[in-house]
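1. I would like to see how this sequence folds:
(one chain, ligands or ions: 1)
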Amino acid sequence: MLPPSDDHEASSYDQPRGTCPVCGDHQVRHLVIGYLAGPPAAASPDWVSWVGCVHPGYNRCCDACGHTWTASAHGEG
Ligand SMILES: [Zn+2]
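-> Sure thing, here's the model as predicted:
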């Protein structure tokens, strides 16, 4: 299987971090799904976790209260 050839999304991470819907804290962690080869180097802030192809069932986690939820793929979290 060939790796994806277009890496225009891997050069930077510009998703808005957003806030927790439960406690309103800004310490939201993003789980990015689908990068089989690991995170792009120096492309994302430390609050972004690269989880490869294994979907944990959510893609947002609050570091303040531990709440997890799924945000839409596009738009604000
Ligand atoms: Zn929270």
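
2. count of residues packed around the spatially closest residue to Gln27 that is not a sequence neighbour?
-> What sits nearest to Gln27 in space, not counting adjacent residues and going by CB to CB, 6 or more residues apart in numbering, is Asp63, at 3.9 Å. Every C-beta, even on glycine, is put in place using the N, C-alpha and C of the backbone. Close neighbours of Asp63, defined as other CB atoms under 10 Å, add up to 13.

3. residues in contact with Asp63?
-> Asp25, Gln27, Val28, Arg29, Trp47 (CB atoms under 8 Å, 6 or more residues apart in numbering).

4. per-residue pLDDT of it, please?
-> Listed pLDDT for Asp63 reads 96.

5. go on, His8?
-> 50.

6. which elements pack onto the lowest-mean-pLDDT helix or strand in the chain?
-> Ranked by mean pLDDT, DSSP states H and E, the weakest helix or strand in the chain is strand 48-50, scoring a mean of 86. Applying 3 or more CB pairs under 8 Å, 6 or more residues apart in numbering; DSSP states H and E, one finds that strand 48-50 makes contact with strand 28-32.

7. what does the strand it packs on contact?
-> With CB under 8 Å, 6+ apart as the criterion, strand 28-32 contacts 13, 15, 17-20, 39, 44, 47-51, 56, 58-63, 77.

8. residues of the protein that sit close to the ion?
-> Within the chain, the positions adjacent to the ion are Cys20, Val22, Cys23, Asp25, Cys62, Ala64, Cys65, His67 by CB under 5 Å from the ion.

9. residues touching the fourth one, list them.
-> Translated: Asp25. Contacts of Asp25 by CB under 8 Å, 6+ apart are Thr19, Cys62, Asp63, Ala64, Cys65.
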